[in-house]
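S.K.: Predicted coordinates and the sequence they were generated for:
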Amino acid sequence: MSIFEYNGSALVAMVGKNCFAIASDRRLGVNLQTIATDFQKIYKIHDRLYLGLSGLGTDAQTLYQRLVFRHKLYQLREERDMKPETFASLVSAILYEKRFGPYFCQPVIAGLSDEDKPFICTMDSIGAKELAKDFVVAGTASESLYGACEAMFKPDLEPEELFEVVSQALLSSVDRDCLSGWGGHVYVVTPTEVTERILKGRMD
C-alpha cells in the first residue's frame with residue numbers, strides 16, 4: 001500500500017459564480033482500521049483562502065503549521081493577506097524544498113482573489129502545480145471524484161447549488177472508496193460570507 005493511502009482521504013474544490021466550495025471526508029484510518037471520524041483536513045488560512053491536505057495525516061499537520069507560520073510572517077511584513085496565487089506558489093516552494101524526503105501530502109488550495117474571482121489548484125507531493133477552471137480533486141477517492149464532478153459540474157453555479165453539487169459528488173465518491181468516508185465537511189466561500197456544513201454519510 002502506498003504511504004499516501006495509509007490514512008485515506010477525499011478532497012474536492014469546485015468553483016461557482018464568484019464563489020468556491022472545498023470539501024473533504026472526515027475519516028482518519030490506519031489502512032482499513034478507522035481511528036477517528038472527525039479528522040480535520042481543511043484548514044483556514046484567512047477568510048478568503050482555504051487549504052485542504054490529503055495524504056499522511058501527520059505530514060499534513062506539520063505542513064499546515066509551517067504554512068501558517070510563513071503566512072503570518074507575510075502578514076507582518078506586507079500588512080495584508082496573501083493572494084491565493086501567491087499562497088499556491090509558497091506551498092509549491094515549500095514542498096519542492098523537501099523533494100528528496102517529501103511531505104506525503106497532496107494539497108488542494110482554494111481562494112477568492114481581490115476581484116472576487118475564484119482560484120483553485122492542486123499539486124503533487126513535490127509541488128508541481130495543476131491549475132483548473134472547474135474543479136480539482138485529491139486523495140484516495142480521487143478517481144471516483146473525477147467521475148462524479150465531471151458528471152455534476154456546471155459553470156457559474158450559485159452558492160447553494162454549488163454546495164449541493166459538491167456534497168453529492170463527495171458522498172457518492174467516498175461510498176466507492178473504502179479508505180475514506182464517515183460523512184463530509186464542506187465550506188462554501190463567497191465574497192461576503194463563509195458557510196460551513198457537516199454532512200452525514202454512510203457510517204460503515
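M.R.: Sure thing, it's come through. Model, not experiment: these values are computed from the prediction.

S.K.: just so I have it, where are all the helices in this structure?
M.R.: 57-78, 84-97, 142-152, 159-174 (DSSP state H).

S.K.: Let's see the second one as PDB, backbone CA atoms only.
M.R.: Translated: helix 84-97. C-alpha atoms of helix 84-97 as PDB (Å, rounded to 0.1, in the frame of the first residue of the first chain):
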ATOM      1  CA  PRO A  84      -4.400  32.600  -3.500                       C
ATOM      2  CA  GLU A  85      -1.900  32.600  -6.400                       C
ATOM      3  CA  THR A  86       0.900  33.700  -4.100                       C
ATOM      4  CA  PHE A  87       0.000  31.200  -1.500                       C
ATOM      5  CA  ALA A  88       0.000  28.400  -4.100                       C
ATOM      6  CA  SER A  89       3.500  29.400  -5.100                       C
ATOM      7  CA  LEU A  90       4.600  29.400  -1.400                       C
ATOM      8  CA  VAL A  91       3.100  25.900  -0.900                       C
ATOM      9  CA  SER A  92       4.800  24.700  -4.100                       C
ATOM     10  CA  ALA A  93       8.200  26.100  -3.000                       C
ATOM     11  CA  ILE A  94       8.000  24.600   0.500                       C
ATOM     12  CA  LEU A  95       7.200  21.200  -1.000                       C
ATOM     13  CA  TYR A  96       9.900  21.400  -3.600                       C
ATOM     14  CA  GLU A  97      12.500  22.300  -0.900                       C
END
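
S.K.: quick one: it to helix 57-78, angle?
M.R.: Calculated by axes from the mean of the first three to the mean of the last three C-alpha atoms, to 10 degrees, helix 84-97 forms an angle of 130 degrees with helix 57-78.

S.K.: What is the burial count for the residue lying closest to Leu56 once chain neighbours are set aside?
M.R.: Leaving aside its sequence neighbours, Leu56 sits nearest to Phe104 (C-beta to C-beta, 6 or more residues apart in numbering; 3.9 Å). In short, each C-beta sits where N, CA and C put it, glycine included. By the measure other C-beta atoms under 10 Å, the count of residues near Phe104 is 20.
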